[in-house]
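1. fold the following for me, if possible:
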Amino acid sequence: MKSRRHLCTTALLLCAALAACTMPKRPPTLEEQAADRIESQAARPTVTIEPAVVSPSRSNSPQPGLLAFVEAPRPLTRPPPRYPRALANDAMPGRVVVSFEVNAEGRAEAVEILQSSHPLFAQAVQAALVQWRFAPARAASGEAVPARLRMPFEFRVDD
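-> Reported below is the predicted structural model:
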């Protein structure tokens, strides 16, 4: 009898806990609902990542003009840069041209911003590059070697 009561109490507590987890914390205010509607109707920011221009790394090319790899780096994961929230209300388009090295481990490093229409766009690109992963460039021997990429990014807000 005692174990049955214990089981009922446990079941009741679990039901209460489950109900508390599935219930909303509070209903959204009218201001929050209006902001959500405006956001959903607003123009959507997009980022276009153009094809990269690949060149040998400055650090591994024995002679100028001699390619140090036979297979260029291939992107594995490339989350796009986020359009800066501070610029989204103005629907400001932008362009960033970046140069970076893909090291032998497939990570972007030695990032250089070659051109940027706004510093916030450059920051967004730099933050995204930290998350990018590549299959590294390969030498004729099959060894992973660093390679330099030059890549343009276009930021725009579509209506």
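2. helices of the protein, start to end?
-> 2-22, 30-41, 85-88, 119-131 (DSSP state H).
3. pick out the shakiest of the ones you listed, pLDDT-wise.
-> Lowest mean pLDDT within the helices of the chain: helix 2-22, at a mean of 51.
4. what's the longest strand belonging to the chain packed up against?
-> Criterion DSSP state E: the longest strand present in the chain is strand 147-158. Here strand 147-158 touches strand 44-49, strand 53-56, strand 94-102, helix 119-131, going by 3 or more CB pairs under 8 Å, 6 or more residues apart in numbering; DSSP states H and E. Yep, even glycine has a C-beta here, placed from its N, CA and C like the rest.
5. swap in 7 Å and give it another go.
-> With contacts taken as 3 or more CB pairs under 7 Å, 6 or more residues apart in numbering; DSSP states H and E, strand 147-158 sits against strand 44-49, strand 53-56, strand 94-102.
6. average pLDDT for the second one?
-> The pLDDT scores in strand 53-56 average 62.
7. go on, the longest one?
-> Mean pLDDT, taken over the full extent of strand 94-102, equals 93.
8. by how many degrees do that strand and strand 147-158 diverge?
-> 160 degrees (axes from the mean of the first three to the mean of the last three CA atoms, to 10 degrees).
9. what sits up against strand 94-102?
-> Under the criterion CB atoms under 7 Å, 6 or more residues apart in numbering, residues 57, 73, 108-118, 121-122, 125, 129, 134, 136-137, 146-155 lie in contact with strand 94-102.
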